[in-house]
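Trainee: Predicted coordinates and the sequence they were generated for:
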Amino acid sequence: MYSWPDHFPEQCPPSHATDLSGSTFRFINKRQPTEYDFTSHYERLPGGDWAGQECKARGLSVLRTYDDCVTMREGVPALRRKHLAVANVAAPVGVVATTPSANCVGHCTWWRNVSPAEAAKHFSLLTESNEEDHV
């Protein structure tokens, strides 16, 4: 169903990844999601040394529950300065797999098949007024 760029390593995304749908959270830099927030590490630095994480470098870190967002923010001090965006994904935008991190077992990687700008359009800032919908 999806076609991936030639720079993706073999078996990337992994075969156990599933279509991304439903509530999805991502930490972003400003109050409005931007294209930059949805650009992978690989896209920002194609010549980087990914130390065996070549596939994850081509994806984006996302979380599937609000509780996982709280866990990540508590475990990663740099995230305390970021904003949290949420999407209720209903259109085909790529695949996701659980990729537990040292800070959160619920961490996931999303390999998007839409442009960073298109990905950003699905997300909006999580605010106090809409936070209760996701807790």
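Mentor: All right, it came through fine. Residues are numbered from 1 along each chain as shown.
Trainee: for the biggest helix by length in the chain, what is the average pLDDT?
Mentor: Using DSSP state H to define each element, the chain has its longest helix at helix 66-75. The average pLDDT within helix 66-75 is 94.
Trainee: Could you list the low-confidence segments of the protein?
Mentor: Along the chain, the parts satisfying pLDDT under 70 run over 128-135.
Trainee: what about the strands in this protein?
Mentor: All strands of the chain, identified by DSSP state E, fall at 18-19, 22-28, 60-63, 83-89, 94-98, 107-112, 124-125.
Trainee: Export those to CSV and append columns for distance to S3.
Mentor: From N, CA and C alone the C-beta is placed, and that goes for glycine too. Below are these laid out as CSV (distance: least, C-beta to C-beta, whole Å):
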stretch, distance to S3
strand 18-19, 15
strand 22-28, 22
strand 60-63, 18
strand 83-89, 19
strand 94-98, 11
strand 107-112, 12
strand 124-125, 28
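Trainee: which stretch among those comes nearest C12?
Mentor: strand 107-112 (7.3 Å; C-beta to C-beta).
Trainee: And for that closest one, what's in contact with it?
Mentor: 4, 8, 12-13, 17, 20, 24, 38, 55-56, 58-64, 68, 72, 93-101, 119 (C-beta atoms under 8 Å, 6 or more residues apart in numbering).
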